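Peer 1: Provide a 3D model corresponding to the input given below.
(2 chains)
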Amino acid sequence: MSIKAAPLHQKFITPNFWVLIFFMLSGAGFAYFRFFEGFGSVTNMSKAYPFGLWIAFDVACGVALAAGGFTTAAIVEIFGREKYHALVRPAILTAFIGYFLVGLAVFFDLGKYYNIWHALIYWNGTSVLFEVAWCVMLYLTVLGIENIPNVVEQYSGKVNLPGPLAGFNGLGNWVLGKADWFTKKTMAFFVIAGVVLSFGHQSSLGTMMLIAPYKLHDLWYTPMSPLLFLTSAVCVGPSMVIFEGTLASKFFGRKPETELLGSFAKYIPLFLGTYLLLRFMDLAYRGVLAQAFDGSVAGYSFLLEMALFIVPYFALKSTNVRYNGTKLFLCAMSVICGVVLNRFNVFLIGMDMGPNWNYFPSVGEFSVTFAFLALGVMMYKIAVNYLPILEEEH
Amino acid sequence: MELDRRKFLKIGAAAGGAAACSPAAPALARDEREPDPNWYGMLNDSTRCIGCKACQVACKTENKLPAETTLGDDKQFGQAIYDSPRELSEHTYTLIKAHQDAETNETTFVKQQCMHCVDPACQSACIVGALTKEADGSVKYDAGLCMGCRYCMVACPFSVPQFEWFKAIPSIKKCTLCSESRLSKGQPTACSSACPAGAIVFGKRTDLIKLARKRIEQNPEQYLDHIYGEKEVGGTNVLYLTKPKVAFASLGLQDFDYKAVSGLTESIQHRIFQYFIPPIAVYSILGGIMAYNQRRKKEAGTLGGDDEY
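Peer 2: Sure thing, here's the model as predicted:
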């Protein structure tokens, strides 16, 4: 282990801080109406589109985009590619924040949010949601445990609470010491558990809409959907690591990690190739590819989705692209947009509810979604500033 | 069957317990569900319906539902439209719609309400089991269990469950087959009692199928030789008859397969989590790879060596 991670300890209240606060406050304004006046006062959801932006983006895309955690953990910790060690902590942190936001978004989207704990005790094993809910809950716990060492490393033996709370310093140190002992003993177990749980719910999200064979468009209605959701999540994981790594360098004024990220990017064409192969084999086997060219919105949306996957697949095979910060970032963005569009296609655009029905998110829905994103960025900002997440520049 | 599965879930969970890395219990993929001879249902004979909407009124009265207005629609559409309200909603559990057949130009009135499926997609989909098939044949919704996730609305092939979009604490609303308010007292459903044309027959599902067959046999020129709901999506407790030249699809009753829509999701779920074997297998394989790599590193005496793929 050559270089250690350390907190940034930069000035925290920057102009960007106020931008984040603005988004969070405007979302909170709409949240008031959602909770006290009903969904109808804020959202454009309807009987035909009971799932809107909050499920399609905040939950379905949120889970996929948090895949950086389990893919990086698997590559580094399980497959032993130690060279990418610097990427693990930020990836696990962003995965934790991502899943935290997914949980919050689910809470927000549930009509009877105060019954959310029912998922724990009233079991219906036939429900895909049941499996998703349990895996997400357990994985969020695992991610929390995986993040404990960051806190321990920073504060163990140095707990210094302000004012009258100082009396609890000893207790704090004792708890951190125990946590350190516990995580050191069990981390391997949790790392693997995190990957297995991710396999479970990433794929189950793909099973979800298969309950509506007469609503979901043929281009996406396939028994292979769970496998495709899982493999696309594996594709977007490293892409998110690159995306976040690049932005973190830019916004925190650090040297870009182009060498490391460029090298890490070589996994993307490998994963994307597997995904595209599965995808096209499935489309060809079911003989539905022609529907992509029928001039419908779903057809165009499918073609755009494919383009967003195919272009980075070929581009990232070239070392020139991989080791060029801007090009690499654009390729990662393309994969991310492809996965986001795929989730939208499955959850919204591909849902054919007849000519009388359509859905486009309302200002309130966008506002709440942006508020969640802002909250996520804020949590990341706090964490990297005060905890040893990012490694010293190399 | 329901009880068996529940029990099985609990046994599975207890056995899996601490070692299990995923809680989705190993419920066995089940066979096609057979309709129970004691289930009640309704036969909607669209050839007899005169479109008086007495059933709609009776339903509103029975369930104490507020009226909905479609006044002003003539301005929006250029002419007044028969269907009022347009669609089922949280205030309208049953609805008479007028359908004009594109070919024959013939108008047919058809009633919409929960189909009370033999193998309900909503029941399969509901995360907390708030939707259940009752012994009387109705599909019952439990507002106390519900979390309001609206997955049942996605799952239902007939798009029947409705959500209270304008309530701070919303529930799902749909036809109850008057299970608690009337069936439990030995009374037929409110809509069937109100029908002056004999277009809605209440009774045991098996008897209704026999009655429908008889009607088709006795008046083959009046009926299409098909009972909608006998087999569609695994069967429904509400059945339909139509005129010979009016396709069910034109009445808003889609041409569904004969198998339950939840078949695919359930078999995928069961296959992935059967006896926890697949997750445990993945766990073991990953664990093996991790152990191998760590030993290799220890032997090599470095932590940052391997640069190959």
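Peer 1: could you list the low-pLDDT ranges of the stretch 101-250 of chain B?
Peer 2: The model of the stretch 101-250 of chain B has no residue with pLDDT under 70.
Peer 1: ok and the residue in it nearest chain A?
Peer 2: B:Gly148 (2.2 Å; Cβ to the nearest Cβ). Just so you know, the C-beta spots here come from the backbone N, C-alpha and C atoms, and that holds for glycine as well.
Peer 1: next, count neighbours for the residue lying closest to that residue once chain neighbours are set aside.
Peer 2: In this structure, B:Gly148 finds its nearest non-sequential neighbour in A:Gly111, 2.2 Å apart by Cβ to Cβ, 6 or more residues apart in numbering or on different chains. Per other Cβ atoms under 10 Å in any protein chain shown, the neighbour tally for A:Gly111 reads 21.
Peer 1: so how far is A:Arg34 from A:Gly111?
Peer 2: 10 Å (Cβ to Cβ, to the nearest Å).
Peer 1: go on, B:Val57?
Peer 2: Taking Cβ to Cβ, one finds B:Val57 at 34 Å from A:Arg34.
Peer 1: so between the two, which is more surrounded?
Peer 2: The residue with more neighbours, out of B:Val57 and A:Arg34, is A:Arg34; 22 against 15, by other Cβ under 10 Å.
Peer 1: thought A:Phe108 was touching that one, still the case?
Peer 2: Yes: under the criterion of Cβ atoms under 8 Å, A:Arg34 makes contact with A:Phe108 at 7.2 Å.
Peer 1: give me the common contacts of those two.
Peer 2: A:Val368 (Cβ atoms under 8 Å, 6 or more residues apart in numbering or on different chains).
Peer 1: which helix runs longest in the chain?
Peer 2: Reading this off chain A. helix A:169-208 (DSSP state H).
Peer 1: actually chain B
Peer 2: When chain B is scanned for its longest helix (criterion: DSSP H), the result is helix B:277-300.
Peer 1: name the residues that touch stretch A:88-98?
Peer 2: In contact with stretch A:88-98 (Cβ under 8 Å, 6+ apart) are residues A:5, A:62-63, A:65-73, A:76-77, A:140, A:143-144, A:146-147, A:150, A:237, A:240-241, A:244-245, A:248, A:376, A:379-380, A:383-384, A:387-391.
Peer 1: near chain B, which of the residues you listed show up?
Peer 2: A:Glu77 (Cβ under 8 Å from any Cβ of the partner chain).
Peer 1: related to what we said a few turns ago, quick check: buried residues in the longest helix of chain B?
Peer 2: For helix B:277-300, the neighbour count (16 or more other Cβ atoms under 10 Å in any protein chain shown) marks B:Pro278, B:Pro279, B:Ile280, B:Val282, B:Tyr283, B:Leu286, B:Gly287, B:Met290, B:Asn293, B:Lys297 as buried.
Peer 1: re the thing from before, elements contacting the helix or strand just after the longest helix of chain A?
Peer 2: Of the helices and strands lying after helix A:169-208 in sequence (DSSP states H and E), the nearest is helix A:225-251. Applying 3 or more Cβ pairs under 8 Å, 6 or more residues apart in numbering or on different chains; DSSP states H and E, one finds that helix A:225-251 contacts helix A:62-65, helix A:68-73, helix A:85-109, helix A:169-208, helix A:258-264, helix A:267-286, helix A:325-344.
Peer 1: to B:Thr176, which of the ones you listed lies closest?
Peer 2: helix A:85-109 (25.9 Å; Cβ to Cβ).
Peer 1: would you indicate which residues of whatever helix or strand comes next after the closest one are buried?
Peer 2: Once the chain leaves helix A:85-109, the next helix or strand it forms, by DSSP H and E, is helix A:118-121. Buried residues in helix A:118-121, counted by 16+ other Cβ under 10 Å: A:His118, A:Ala119.
Peer 1: helices and strands around helix A:118-121, which ones?
Peer 2: Short answer (3+ Cβ pairs under 8 Å, 6+ apart): helix A:118-121 packs on helix A:128-155.
Peer 1: nearest to chain B: which residue in the stretch 51-200 of chain A?
Peer 2: Counting by Cβ to the nearest Cβ, the stretch 51-200 of chain A gets nearest chain B through A:Gly111, at 2.2 Å.
Peer 1: which positions in the stretch 101-250 of chain B make contact with chain A?
Peer 2: Near chain A, when you scan the stretch 101-250 of chain B using Cβ under 8 Å from any Cβ, you find B:121, B:123-130, B:145-151, B:153-155, B:157, B:159, B:162-171.
Peer 1: if we can go back for a sec, among the contacts of stretch A:88-98, which ones are buried?
Peer 2: Buried among these by 16+ other Cβ under 10 Å: A:5, A:62-63, A:65-73, A:76-77, A:140, A:143, A:146-147, A:150, A:237, A:240-241, A:244-245, A:248, A:376, A:379-380, A:383-384, A:387-391.
Peer 1: for the stretch 151-300 of chain B, which segments are assigned as helices?
Peer 2: B:151-155, B:190-194, B:205-218, B:263-273, B:277-300 (DSSP state H, counting those that start in this stretch).
Peer 1: so which of those comes closest to B:Thr242?
Peer 2: Across the helices of the stretch 151-300 of chain B, the minimum distance to B:Thr242, taken as Cβ to Cβ, is reached by helix B:205-218, at 10.4 Å.
Peer 1: for chain A, give me the ranges with low pLDDT.
Peer 2: Counting by pLDDT under 70, chain A has low-confidence residues at A:1-3, A:393-394.
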